[in-house]
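Asks: Provided below for reference: sequence and predicted model.
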Amino acid sequence: MVINLVYLSINLISTKSVKKFWGYVTAFSAGLSNALFLIVIIAVVAMIGFGDGSSQLSDSALLVAN
């Protein structure tokens, strides 16, 4: 009886930790996808030329990129 209760409590603890771990993984993947989305938006805006009509980056921006 006592062994069964101990096994059950260990099972519950491991289930909670697995759920917590998957919560962290889900939050990390959501944050990573948001960061990648922002990087893509910034790259698209930079490639357009910040709306000044030029389709290329300035020389200083190209030097920084290289």
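Replies: Nice, thanks for sending it over.
Asks: where does Ile39 land on pLDDT?
Replies: As predicted, Ile39 sits at a pLDDT of 90.
Asks: Tally up the residues packed near Ile48, please.
Replies: By the criterion of other CB atoms under 10 Å, Ile48 has 14 neighbours. C-betas here are computed from N, CA, C, even on glycine.
Asks: Could you do Asn34 as well?
Replies: 10.
Asks: could we number from 505 for the rest of this?
Replies: Sure thing, new numbering starts at 505, so read that last one as Asn538.
Asks: So it, which state does it fall into?
Replies: Following DSSP: H, G, I helix; E, B strand; the rest coil, Asn538 is assigned to helix.
Asks: what's the answer for Phe532, then?
Replies: helix.
Asks: and it, how many neighbours does it have?
Replies: Quick note: Phe532 (other CB under 10 Å) scores 10 neighbours.
Asks: just Tyr528 next, same as before
Replies: 10.
Asks: For it, what is the enclosing helix or strand?
Replies: Per DSSP states H and E, Tyr528 falls inside helix 506-552.
Asks: who's in contact with Thr530?
Replies: If a contact means CB atoms under 8 Å, 6 or more residues apart in numbering, then Thr530 has no contacts.
Asks: Against Val548, how distant is it?
Replies: Distance from Thr530 to Val548, counting by CB to CB, to the nearest Å: 27 Å.
Asks: pLDDT weak spots in this protein?
Replies: In the predicted model, the chain carries pLDDT under 70 at residues 505-520, 553-570.
Asks: repeat that for 80
Replies: Residue ranges of the chain with pLDDT under 80: 505-525, 549-570.
Asks: ok, Val529 to Ile552 distance?
Replies: Distance, Val529 to Ile552, using CB to CB: 35 Å.
Asks: Before I go, just wanted to say thanks for your time.
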